[in-house]
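[1] Just to be clear, the model below is a prediction. Sequence and coordinates:
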Amino acid sequence: MKYDRKRVLVTGGAGFLGSHLCERLLVEGYDVLCVDNFFTGTKANIAHLLDNPYFEMMRHDVTFPLYVEVDEIFNLACPASPIHYQRDPVQTTKTSVHGAINMLGLAKRVGAKIFQSSTSEVYGDPDVHPQPESYRGNVNPIGPRACYDEGKRCAETLFFDYWRQHRLRIKVARIFNTYGPRMHPDDGRVVSNFIMQALKGEPITLYGDGSQTRSFCYVDDLIEGFIRLMNTGDEITGPVNLGNPREMTIRQLAELVVQMTGAKSEIVYKPLPADDPLQRKPDITQAKALLNDWEPKVVLEQGLEKTIAYFRMMVARS
Ligand code: NAD
Ligand code: UDP
Ligand code: UDP
């Protein structure tokens, strides 16, 4: 009998987004091969999938070649939060660049369709607002965020060169700030920091004056966007922005988290980190047009509710 389940490789599959993607792909009826070196991901994130006969886990660093047979590749491997990607910045650039080369080489050899999780950080500290895909960005190439931003920019270059040169089927998503269960409690990102601080009754650390803005997308909405983008026709390459256009100041987020957790925490001010973008909001016109009217459905308060519940459980267990 012919085996007709498609085999999908998810690099970075034991991370926050990767674990949600693996879950969703299993529901969709794929065989999933999760590859991760556990730099920031954990076995706990995928422990509930290990008994699934259609799920396989391989410990591997994508900066080294990988020879497997797959039909589709989602390339998510890369530390994503500033404190994680700045811990070993050279490795961060290698992961984006060598990782992309290896996964593109793999895709070329086996004829697989390949998806890249790029980032809104390719826009740097933007002077166009909101950011459409046509905006070329304002990135400092020698600053502390460059290992991530420039690594991701170079990965996009590689994807488009493999597409032009080798006619690879590529899908590039530019992901904006996303949150939800299985974010790392100690990754220094604003949603996890504020919730953990609130749950522990510690001061909420607001960097700068809190007037900088971000737009937060709940993980389920993002993963829906991933699946829809991967399933578009071969003529669609992206880059496509995926994120939630509801923009808010970081101070508003702090106040909302305090209110929703019922915390007694006070807000304390800390210096704004170097090259911290002042504003960020996706223009999702393209995503709506190309991805069957895709747009985020989960409102921030609902998404925060679920995320707070997850972190409460983490705190209770520790
Ligand atoms: P994460 O840190 O939870 O996941 C990244 C995963 O990649 C981890 O499991 C980590 O162990 C793994 N990894 C890192 N280096 C590796 C290597 N060399 N080889 C194999 N595995 C490696 O972060 P996330 O938030 O799930 O991000 C996933 C992807 O989405 C990343 O590429 C990130 O740049 C991108 N992204 C995320 C966001 C967001 O808001 N979460 C925003 C923009 C882009
Ligand atoms: N590669 C891999 N798995 C494969 C095929 C290739 O990891 O199944 C890696 C290999 O390390 C290679 C890179 O992908 O260096 C780029 O491959 P490509 O065929 O594009 O280039 P070349 O092999 O000519 O350098
Ligand atoms: N931020 C903050 N307090 C924190 C963590 C982050 O005020 O404890 C701010 C940070 O300076 C930035 C915003 O929140 O302006 C989002 O930070 P995050 O690291 O989550 O994402 P990114 O800067 O990569 O968008």
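    Looks like it came in fine. Small disclaimer: the values here were computed from a predicted structure and weren't measured. Ligands and ions are numbered 1, 2, ... in the order given.
[2] When you work out contacts or count neighbours from here on, use the C-alpha atoms and nothing else.
    Noted.
[3] Apart from its neighbours in sequence, what residue is nearest Leu242?
    Among residues not flanking Leu242 along the chain, Ile175 sits closest, at 5.0 Å (CA to CA, 6 or more residues apart in numbering).
[4] Quick one: neighbours of Met183, just the number.
    Using other CA atoms under 10 Å, Met183 has 21 other residues around it.
[5] Report the secondary structure state of it.
    coil (DSSP: H, G, I helix; E, B strand; the rest coil).
[6] Gly225 too?
    Applying three-state DSSP: Gly225 is helix.
[7] the helices in this protein, which residues?
    Taking DSSP state H as the test, the helices found in the chain are 16-27, 82-85, 89-110, 146-166, 190-200, 219-230, 250-261, 285-290, 300-317.
[8] just checking, what packs against the second one?
    Read that as helix 82-85. Using 3 or more CA pairs under 8 Å, 6 or more residues apart in numbering; DSSP states H and E as the contact test, no helix or strand touches helix 82-85.
[9] Can you give the contact residues for it?
    40, 78-79, 92, 145, 147-148, 187-189 (CA atoms under 8 Å, 6 or more residues apart in numbering).
[10] where does the stretch 1-150 of the chain dip in pLDDT?
    Counting by pLDDT under 70, the stretch 1-150 of the chain shows low-confidence ranges at 1.
[11] I meant to write the stretch 201-318 of the chain there.
    In the stretch 201-318 of the chain (pLDDT under 70), no residue qualifies.
[12] Residue of it nearest ligand 2, please.
    Closest contact between the stretch 201-318 of the chain and ligand 2, by CA to the nearest ligand atom, is at Thr237 (18.4 Å).
[13] isn't that residue right up against Ile170?
    Yes. When contacts are counted by CA atoms under 8 Å, Thr237 is listed as touching Ile170 (5.3 Å).
[14] still on that earlier bit, I'd like the distance between the residue nearest to Leu242 and ligand 3.
    11 Å (CA to the nearest ligand atom, to the nearest Å).
[15] again, but for Thr119
    Distance of Thr119 to ligand 3, given as CA to the nearest ligand atom: 10 Å.
[16] Please apply the same query to Glu266.
    Here Glu266 is placed at a distance of 13 Å from ligand 3 (CA to the nearest ligand atom).
[17] got it, and Tyr30?
    Taking CA to the nearest ligand atom, one finds Tyr30 at 31 Å from ligand 3.
[18] Go ahead and confirm that residue touches Asp4.
    No. Counting by CA under 8 Å, Tyr30 does not reach Asp4; the two are 9.4 Å apart.
[19] Pick out whichever of the two has more residues nearby.
    For Tyr30 versus Asp4, the count of surrounding residues by other CA under 10 Å is larger for Tyr30: 20 against 8.
[20] State the distance from that one to ligand 2.
    Tyr30 is 20 Å from ligand 2, where distance means CA to the nearest ligand atom.
[21] Neighbour count: Thr237 and Ile170, which is higher?
    Between Thr237 and Ile170, Ile170 has the larger neighbour count (other CA under 10 Å), namely 25 against 21.
[22] before we move on, the earlier item: please pick the buried ones from the contacts of helix 82-85.
    Buried members of those, scored by 16 or more other CA atoms under 10 Å, are 40, 78-79, 92, 145, 147-148, 187, 189.
[23] Relative to ligand 2, which of those is nearest.
    So of those, ranked by how close each gets to ligand 2 (CA to the nearest ligand atom), first place is Cys78, at 16.3 Å.
[24] In contact with the closest one: list those residues for me.
    Per CA under 8 Å, 6+ apart, neighbours of Cys78: 12, 85, 92, 95-96.
[25] before we move on, what about Gly225?
    242, 291, 294.
[26] Let's have the buried ones among the contacts of helix 82-85 in JSON lines, adding distance to Pro203.
    As requested, the buried ones among the contacts of helix 82-85 are arranged in JSON lines below (distance: CA to CA, whole Å):
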{"residue": "Thr40", "distance to Pro203": "25"}
{"residue": "Cys78", "distance to Pro203": "30"}
{"residue": "Pro79", "distance to Pro203": "26"}
{"residue": "Thr92", "distance to Pro203": "31"}
{"residue": "Arg145", "distance to Pro203": "26"}
{"residue": "Cys147", "distance to Pro203": "30"}
{"residue": "Tyr148", "distance to Pro203": "29"}
{"residue": "Asp187", "distance to Pro203": "17"}
{"residue": "Arg189", "distance to Pro203": "15"}
